[in-house]
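Student: okay, structure incoming, though there's no sequence with it:
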């Protein structure tokens, strides 16, 4: 699925922190805040202590447009996605 339909987090070497991308929709910025809370400084520090390179950290999850929970949260993206799906048959 196209990246614009994803909630994402990726390590930024320049900022030395995680950068977040949230899809266009109603209150999706709060979705990024939930992800940021889950991927907190303590988790990153623990991963480093276990020998992981946090500079390689990437996270993404796609919108499930067919779920009733997503209904109405991504109106612009949903219309676009439905056009793509309808034209693919």
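Tutor: Yes, it's here. This structure is a prediction, so every number in the text was calculated from the model and none was measured.

Student: CA atoms for contacts and neighbours, from now on please.
Tutor: OK.

Student: mind showing which ranges of this structure have poor pLDDT?
Tutor: For the chain, the stretches with pLDDT under 70 are 89.

Student: for it, longest strand please?
Tutor: Ranked by residue count and defined by DSSP state E, the top strand of the chain is strand 6-12.

Student: got the buried residues for it?
Tutor: 6-11 (16 or more other Cα atoms under 10 Å).

Student: quick one, strands of this structure?
Tutor: 6-12, 17-21, 58-62.

Student: will you turn those into TSV that also has distance to residue 35?
Tutor: TSV is the format used below for those (distance: least, Cα to Cα, whole Å):
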stretch	distance to residue 35
strand 6-12	8
strand 17-21	8
strand 58-62	9
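
Student: go through those strands and name the closest to residue 45.
Tutor: strand 17-21 (11.8 Å; Cα to Cα).

Student: helices or strands next to that closest one in the packing?
Tutor: strand 6-12, helix 28-38 (3 or more Cα pairs under 8 Å, 6 or more residues apart in numbering; DSSP states H and E).

Student: ok so, going back, as TSV, the buried residues of strand 6-12 with distance to residue 33 would be great.
Tutor: Output for the buried residues of strand 6-12, formatted as TSV (distance: Cα to Cα, whole Å):
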residue	distance to residue 33
6	14
7	11
8	11
9	11
10	14
11	16
